[in-house]
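Undergrad: this is a predicted model, with the sequence first.
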Amino acid sequence: MNSEIEEIVRLGEDSTREFKAIGIPGKRVAFPDAGEVADEIAAAANAAGAVFLFGVDDRTFKIEGVPIDKADIAERWIRDICNDSVKPPVAATIRKLAIADSGKCVLRVDVPKSLFVHEGAHGYFYRIGSSKRKMPPEMLARLFQQRSQTRLVCFDEQVVSSAETGELVRSLYSRFRTKLSPSNDAEFLRKLHLTASDQDGTIRPTVAGILFATEHPEEHLPSAYIQAVCYKGTERNADYQLDARDITGPLDVQIDEACRFVERNMRIGAVKRPARIDIPQYAMNAVFEAVVNAVAHRDYSIPGAKIRLHMFSDRLELFSPGGLPNSMTLDEIEERQFARNELVCTCLSRCKIARRIENIRRTRIMDRRGEGVPVIFESTLKISGRKPEYRLLNDSELLVTFRSAPIDDREKLNEMVRSEADIRENSKDRLENHHGRIETPDRNAGQKRRTETPDRSAGQKQGAEAPDKTEGRSVADLLVDLLRTTPEITQQKLSSALGVARSTLNLRLAELKSIGAIRRVGPDRGGHWEVVGDTQGKRTRTQS
């Protein structure tokens, strides 16, 4: 016999324990009545919560159990009651407890005290002792008032009544420490609002504490994960799934793993101009910002609603539970910002980005300056020619759709990527107009030197003093010259001087580094470039 079941049954029914015999003669539950069970569950959620044992006779307290092969039928039946017959749905936890040497099990259903007032199949009920009672009007009005006041505290700061502080992992919450943080763990968690006191004065984890400081938040918040699916075609069809994964873990881990999922499954197009230029299906910095926004601003109070990331051959769709917060509208989404989960956003602003994301220069997941949505629009428009589409589904789910870059259309790809001839033509003018001259320290002589730009209006050449460095030169040659004469130049200035996009510049830099023509000395900020040996010969041999 299972000791956990025996201990609960031995104490009998009371305000927090309820037993129900259950019969499944075929493929459907014959008893108890689903409406009565819905009323019982709603009554428990309206009171202090309760533990239900299905498979224990409520009159004799005999442990009858449910056959193992029919346990899934019972679980679905209970879950459907919690989601469909109780309004709003109750976020109950369902567990199967095996009865030793019997081939049977008992289903334990933990119904927590709710932040809402729940209606059962036959009205509003509350629990007194081991029975339920219908709420009189004055009691119902008072409960609505109390629960609405409780919800004035942001949901991510609410206590999770089913969790214990011992479940918080020290290595996870310690990453939020600063030099000014208290050394005492309990005090630190309380001040960061990762723990709080429940109505009985017991210290428990908050929603944010579960989301960031436990390995498996879905154990207490069942919908706190990302469902990622990649389909072969353009339709949502399970028969054509190429990859699928439920991404769980702390929120920062979910963000990183969701981006890895997209990178792993998106396709890469390419053109040669004359070197290969890769064109990804989606701008990863836009995908990153969209996933961060979905995780940070979704409504975690909606039970059964998870973030969905679905990839198709022509688009990527990201669904986030919850409507737009406060009074924000779709027309204002690019200009306004509003944090539904203030504590979640605070924690994300302290989490480091796990690895480098192209065109993301900050080191923390959130910058809280409202730049995420503009980056999504700009980067997506640049790579696909179309802005992302935001839609609100029934005021309960926000959908953002990214259209794929035309990686299978060679003609459109060629239109997207400027030819080397165009780049060379514009590079000369850009170099000449880039502050008029380039002034950098001579690393050999220890003195400053200046490379004057040619006077095009006078129609004269500078000769040996300032040769025209752009005539008939490739972008790679111009890039090497700039790095040789201006080793501390930033990538932004390089991009501006050469007249190329940052993605193209990064490809050129990577090519030159791969053949040993250049190398980076020191950190990204504060370091400098070095041109190594015969770069022209190395590039010629590589191209041949």
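TA: Sure, I can see it.
Undergrad: switch to C-alpha atoms for all contacts and neighbour counts from now on
TA: Noted.
Undergrad: who are the neighbours in contact with the closest residue to residue 27 other than its chain neighbours?
TA: If the residues on either side of it in the chain are set aside, residue 27 comes closest to residue 73, at 7.0 Å by C-alpha to C-alpha, 6 or more residues apart in numbering. Contacts for residue 73 (C-alpha atoms under 8 Å, 6 or more residues apart in numbering) come out as 27, 28, 29.
Undergrad: low-confidence stretches in this structure?
TA: For the chain, the stretches with pLDDT under 70 are 1, 146-153, 271-277, 325-327, 408-473, 533-544.
Undergrad: would you mind measuring from residue 8 to residue 61?
TA: Between residue 8 and residue 61 the distance is 10 Å, computed by C-alpha to C-alpha, to the nearest Å.
Undergrad: do residue 87 as well
TA: To residue 61, residue 87 is 30 Å away according to C-alpha to C-alpha.
Undergrad: the more surrounded of these two?
TA: For residue 87 versus residue 61, neighbours defined as other C-alpha atoms under 10 Å are more numerous around residue 87 (19 against 16).
Undergrad: show me the helices in the stretch 1-150 of the chain, by range?
TA: Secondary structure of the stretch 1-150 of the chain, counting by DSSP state H, counting those that start in this stretch: helices at 3-11, 34-46, 71-80, 137-150.
Undergrad: got TSV for those helices, with distance to residue 400 too?
TA: Output for the helices of the stretch 1-150 of the chain, formatted as TSV (distance: least, C-alpha to C-alpha, whole Å):
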stretch	distance to residue 400
helix 3-11	46
helix 34-46	34
helix 71-80	29
helix 137-150	31
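Undergrad: now the strands for the stretch 101-250 of the chain?
TA: With DSSP state E, counting those that start in this stretch as the criterion, the stretch 101-250 of the chain has strands at 104-111, 125-128, 131-134, 195-197, 203-205, 226-231, 241-247.
Undergrad: to residue 257, which of these lies closest?
TA: Closest approach to residue 257 among the strands of the stretch 101-250 of the chain (C-alpha to C-alpha): strand 241-247, 6.9 Å.
Undergrad: and the gap between the residue lying closest to residue 173 once chain neighbours are set aside and residue 205?
TA: Of all residues not flanking residue 173 in the chain, residue 213 sits nearest, at 5.2 Å (C-alpha to C-alpha, 6+ apart). As judged by C-alpha to C-alpha, residue 213 and residue 205 stand 9 Å apart.
Undergrad: which neighbours do the two share?
TA: Common contact partners of residue 213 and residue 205 (C-alpha under 8 Å, 6+ apart): residue 168.
Undergrad: if we can go back for a sec, pick the most deeply packed of the helices of the stretch 1-150 of the chain.
TA: Highest mean neighbour count among those (mean count of other C-alpha atoms under 10 Å): helix 34-46, with a mean of 25.
Undergrad: what's the angle from that one to strand 104-111?
TA: Interaxial angle of helix 34-46 relative to strand 104-111 (axes from the mean of the first three to the mean of the last three C-alpha atoms, to 10 degrees): 50 degrees.
Undergrad: who does helix 34-46 touch, helix- and strand-wise?
TA: Applying 3 or more C-alpha pairs under 8 Å, 6 or more residues apart in numbering; DSSP states H and E, one finds that helix 34-46 makes contact with strand 104-111, strand 125-128, strand 131-134.
Undergrad: cutoff 7 Å now
TA: Secondary structure elements in contact with helix 34-46, counted by 3 or more C-alpha pairs under 7 Å, 6 or more residues apart in numbering; DSSP states H and E, are strand 104-111, strand 125-128.
Undergrad: got the CA positions of that helix in PDB?
TA: Only the C-alpha atoms of helix 34-46 are listed here, as PDB (Å, rounded to 0.1, in the frame of the first residue of the first chain):
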ATOM      1  CA  ALA A  34     -19.100  15.500 -13.300                       C
ATOM      2  CA  GLY A  35     -21.300  18.500 -12.300                       C
ATOM      3  CA  GLU A  36     -21.000  17.500  -8.600                       C
ATOM      4  CA  VAL A  37     -17.300  17.200  -8.800                       C
ATOM      5  CA  ALA A  38     -17.100  20.600 -10.600                       C
ATOM      6  CA  ASP A  39     -19.000  22.100  -7.700                       C
ATOM      7  CA  GLU A  40     -16.600  20.500  -5.100                       C
ATOM      8  CA  ILE A  41     -13.500  21.700  -6.900                       C
ATOM      9  CA  ALA A  42     -14.900  25.200  -7.300                       C
ATOM     10  CA  ALA A  43     -15.800  25.300  -3.600                       C
ATOM     11  CA  ALA A  44     -12.300  24.200  -2.600                       C
ATOM     12  CA  ALA A  45     -10.700  26.900  -4.800                       C
ATOM     13  CA  ASN A  46     -13.000  29.500  -3.300                       C
END
